[in-house]
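Chemist: Starting from these lines, generate the structure:
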Amino acid sequence: MIKGLLRFIIAVIFILSGFVKAVDLVGFSFKMEEYFSPAVFNMPFFEKFALLFSIIVVVLELFLGFMLLLKLKLKFTLSVLIALCIFFGFLTFYSAYFNVVTDCGCFGDAIKFTPWQSFFKDVILLFGLIILFALYRKEFRKKNEYGNYQKESSGKFKYYILGAFSLVMIYIMAQGIMHEPVIDFRDYKIGTNLKSEKEKINKNPSEYKTFYSLKNQKTGKILKVNQDDYIKDTQYWEEGSPWKIEEGKNESVLVKEGYKSEIVKFKIEDPSGAEITESIINAPKAIVVFSYHPKDVPADLLQKVEAKVNAQKGALIYGVSTDPNTFKTIRNAMMDGTGIKTIARSNPFVLILENGKIIDKQPAKDYVK
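Modeler: The predicted structure is shown next:
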């Protein structure tokens, strides 16, 4: 009874974790790119394979979780899940200890975990899997009537269920890669009012304080001092002070959490650096074309998108990318690449707003059909 309940709980956790990533594999691949980036593991060569790695991870979570639920190939299933937990435990510990990836994407955009929460989740799952392995060990190989070990057998019906589950998940994953997620867990889902979200953020903003890393040039002692104490205490900055700020080691620390929303990253500037966010979210109708990798956009697709949006009379139209010269016939605007990726899952991508409310969004290739 206990081992069956434990098996069910762990299996459901893996299935849910895999499912929320499966519906948005492109979004999960962005998270994988962070791990491969120079700031984390410094393996930029693998960034181009981020989507492939994402598919492999999600497939393992989904199908091994479902096999555990159905009690199929238990020894193999538990062994691979244990190895998977050790691997992800290392990643989440590294992220937490060095504070390099603030959200591992373990449950996609559905549930947000801090790095340390993700690590402890992996540790608990690992212990649970090890306990299961010990509890089910006697069932891995059973003796037949002649006293010989026989292989674990399972009913064909379970494999039919696994096959049906596989087909459904393949469709969901393909839909998310080629078009948009079947279920959208993001803050930028259709129906979201960016204007209202911005107002909530402005009314209850998160507050941060800068902590300076100071080194005493005489003694070598290092202190962490927040910005208020630094200003108040003249010993840290007066002329002749032995205390010097260590460049690149200052930290911005959250001291009061306000209204949480990814919409906080929705900041668009014109090429001169002037912010134009308000004009876009206050327009009766706005069409915004996003591109997070403008150099990778086919010229013919860009031409078709610009032609179609230019035909929309009365709409405020902008092309937003990381390069001020991306778009040829519509006004260029700028946005951080990471910010664009929270909105767009394809390159390029079209977002349509009415008075700040998202009424439609599509990959550009679907928009021009």
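
Chemist: Do me a favour and average the pLDDT over stretch 294-301.
Modeler: Averaged across stretch 294-301, the pLDDT comes to 94.

Chemist: What residues of that stretch count as buried?
Modeler: Of the residues in stretch 294-301, 294, 297 count as buried by neighbour count, 16 or more other C-beta atoms under 10 Å. C-beta: built from backbone N, CA, C; applies to glycine.

Chemist: let's number from 393 now, not from 1
Modeler: Sure, I'll start numbering at 393, so the last one becomes stretch 686-693.

Chemist: Contacts for that stretch, please.
Modeler: By C-beta atoms under 8 Å, 6 or more residues apart in numbering, the surrounding residues in contact with stretch 686-693 are 683, 713-715, 718, 739-740, 756-757, 760.

Chemist: TSV for those, including distance to S653, neighbour count and pLDDT?
Modeler: TSV is the format used below for these (distance: C-beta to C-beta, whole Å; neighbours: other C-beta atoms under 10 Å; pLDDT from 0 to 100):
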residue	distance to S653	neighbour count	pLDDT
S683	23	26	96
S713	23	24	96
T714	22	17	93
D715	27	14	93
T718	27	20	95
N739	24	21	93
P740	24	28	95
A756	25	25	95
K757	29	18	95
V760	30	17	93
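
Chemist: Return the closest of those residues with respect to G396.
Modeler: Within the contacts of stretch 686-693, proximity to G396 (C-beta to C-beta) peaks at N739, which comes in at 46.1 Å.

Chemist: just checking, that closest one is part of a strand?
Modeler: No: with DSSP: H, G, I helix; E, B strand; the rest coil as the criterion, N739 is assigned coil and is not in a strand.

Chemist: ok, it to E630 distance?
Modeler: N739 sits 52 Å away from E630, going by C-beta to C-beta, to the nearest Å.

Chemist: re the thing from before, can you tell me which of the contacts of stretch 686-693 are in strands?
Modeler: Applying DSSP state E to these, the entries found in strands are 683, 713.

Chemist: Report the two members of the contacts of stretch 686-693 separated by the largest distance.
Modeler: Spatial extent of the contacts of stretch 686-693 (C-beta to C-beta) is set by the pair T714 and V760 at 21.9 Å.

Chemist: K613: which of the contacts of stretch 686-693 is nearest?
Modeler: Here the nearest of the contacts of stretch 686-693 to K613, counting by C-beta to C-beta, is T714; it sits at 41.9 Å.

Chemist: Pull the number of nearby residues for K513.
Modeler: Neighbour count of K513, defined by other C-beta atoms under 10 Å: 20.

Chemist: show me what contacts it?
Modeler: Counting by C-beta under 8 Å, 6+ apart, K513 touches 484, 498, 505.

Chemist: got a winner among the residues you listed for most neighbours?
Modeler: Neighbour-wise, the contacts of K513 (other C-beta under 10 Å) top out at T484, 24 neighbours.

Chemist: I figured it hits V515, correct?
Modeler: No: in this structure, T484 is not within contact of V515 by C-beta atoms under 8 Å, at 9.0 Å.

Chemist: Report the separation between D758 and E746.
Modeler: Plainly put, D758 is 20 Å away from E746 if you go by C-beta to C-beta.

Chemist: What ranges does the stretch 643-761 of the chain have for its helices?
Modeler: With DSSP state H, counting those that start in this stretch as the criterion, the stretch 643-761 of the chain has helices at 669-673, 691-702, 729-735, 756-759.

Chemist: Now tabulate the ones you listed in a markdown table and tack on distance to Y551.
Modeler: Below are the helices of the stretch 643-761 of the chain laid out as a markdown table (distance: least, C-beta to C-beta, whole Å):
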| stretch | distance to Y551 |
| --- | --- |
| helix 669-673 | 51 |
| helix 691-702 | 42 |
| helix 729-735 | 38 |
| helix 756-759 | 36 |
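
Chemist: What ranges does the stretch 443-592 of the chain have for its helices?
Modeler: 466-490, 507-527, 529-532, 548-570, 586-595.

Chemist: Report the buried residues of the third one.
Modeler: When burial is assessed from 16+ other C-beta under 10 Å, helix 529-532 yields the following buried residues: F532.

Chemist: tell me how far it is from the chain's mean position?
Modeler: Computed by C-alpha atoms, centre = their mean, to the nearest Å, the chain-centroid distance of helix 529-532 equals 38 Å.

Chemist: now swap in stretch 434-449 and tell me
Modeler: Put simply, stretch 434-449 sits 14 Å off its chain's centre (C-alpha atoms, centre = their mean).

Chemist: What are the contacting residues of that stretch?
Modeler: 413, 417-418, 420-422, 424-425, 428-430, 565, 569.

Chemist: Mind doing that once more with 10 Å?
Modeler: For stretch 434-449, contacts defined as C-beta atoms under 10 Å, 6 or more residues apart in numbering pick out 409-410, 413-414, 416-430, 476, 479-480, 497, 565, 569.

Chemist: cool, and stretch 622-635?
Modeler: 602-604, 606-611, 613-615, 617-618, 621, 636-637.

Chemist: Skipping adjacent residues, who's closest to E531 in space?
Modeler: With sequence-adjacent residues excluded and distances taken as C-beta to C-beta, 6 or more residues apart in numbering, E531 is closest to L466, at 6.6 Å.

Chemist: So the one you found versus R529, what's the distance?
Modeler: 9 Å.

Chemist: Spit out the contact partners of M565.
Modeler: Shown in contact with M565 (C-beta under 10 Å, 6+ apart): 410, 413-417, 446-447, 450-451, 454, 573-574.

Chemist: Report the buried members of the contacts of stretch 434-449.
Modeler: Looks like the contacts of stretch 434-449 have 409-410, 413-414, 416-429, 476, 480, 497, 565, 569 buried, using 16+ other C-beta under 10 Å.
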